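Colleague: need the 3D shape of this:
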Amino acid sequence: MQLGPGTLFSYLPGKGSALAVLPQLEPLLQKFGMPGLFLDVFFEALGLPLPGETLIIVASGLAGLGKLNIYSVAITVFLAAVVGDNVGFLIGRKLGRPLIIKHASRFGVTHERLQKVEDLIDRRGPLLVASARFFVILRQLNGIAAGTAGMHWLKFLIANAVGAALWVGFWTTLAYHFGKDVSILPFVMNHLSYVALFLVFGLVSTFTIGWIISRRIKPS
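Modeller: Residues are numbered from 1 along each chain as shown. Below you'll find the predicted structure:
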């Protein structure tokens, strides 16, 4: 389906705004469609500095306007996220840190960044993997770092799939329902980190409360 340029972000400010780049993403979706969306999210999961999350929000907003199919967007992004992270996990496990740093440093995958993510995975494990997609750097490196850190693949796969489902479900639902609102969606786009942090805090709090309650309930 053809997309008219500027249908979603034609009301945004001009060059002085941080959101001014968003209208440029609509023609990209028009030209490359779901395959382009898949590749963008897939390669972001391998550590490349690509606007994966932003493009998901744009695509979902267009779906809210009836320009794209929201189910196609959600399924495409979920598969790209899971496959990309698991390819990253395999690369980390098979190639190891020295070779990754040597060839991927040009894309921002430095020793310091990889070490920080590995340390977090060592301390938090599946919980970190499940929430990593909501944060820059973690989203790009959690697969590779889990592989180099020696995390069990099945644990990684389950946690990663759960995290991808939450990430995709949250952003596609939010952008789909507010895609027609000229005040809410720009606010969300300008505060992605805060919105994601609020969601992760809510999820962690819910899981923690549930765990505490289950521990206190004595079997009859």
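Colleague: okay, buried residues for the host helix or strand of Glu118 please.
Modeller: According to DSSP states H and E, Glu118 maps onto helix 111-124. Within helix 111-124, the residues that count as buried by 16 or more other C-beta atoms under 10 Å are Arg113, Leu114, Val117, Glu118, Leu120, Ile121. For glycine as for every other residue, the C-beta is placed from the backbone atoms N, C-alpha and C.
Colleague: next: stretch 77-87.
Modeller: Those would be Val77, Phe78, Ala80, Ala81, Val82, Val83, Gly84, Asp85, Asn86, Val87, for stretch 77-87 by 16+ other C-beta under 10 Å.
Colleague: what do you get for stretch 150-169?
Modeller: Met151, Phe156, Leu157, Ala159, Asn160, Ala161, Gly163, Ala164, Ala165, Leu166, Trp167, Val168.
Colleague: which one of those residues is nearest to Ile56?
Modeller: Top of the list for closeness to Ile56, among the buried residues of stretch 150-169 and by C-beta to C-beta, is Val168 at 7.3 Å.
Colleague: check the gap between the closest one and Ala175 for me.
Modeller: Per C-beta to C-beta, to the nearest Å, Val168 is found 11 Å from Ala175.
Colleague: need the overlap of contacts for these two.
Modeller: Ile56 (C-beta atoms under 8 Å, 6 or more residues apart in numbering).
Colleague: whichever helix or strand Gly33 is part of - contacts with which helices or strands?
Modeller: Taking DSSP H and E as the definition, one finds Gly33 inside helix 25-44. Helix 25-44 sits against helix 52-64, helix 70-104, with contacts defined as 3 or more C-beta pairs under 8 Å, 6 or more residues apart in numbering; DSSP states H and E.
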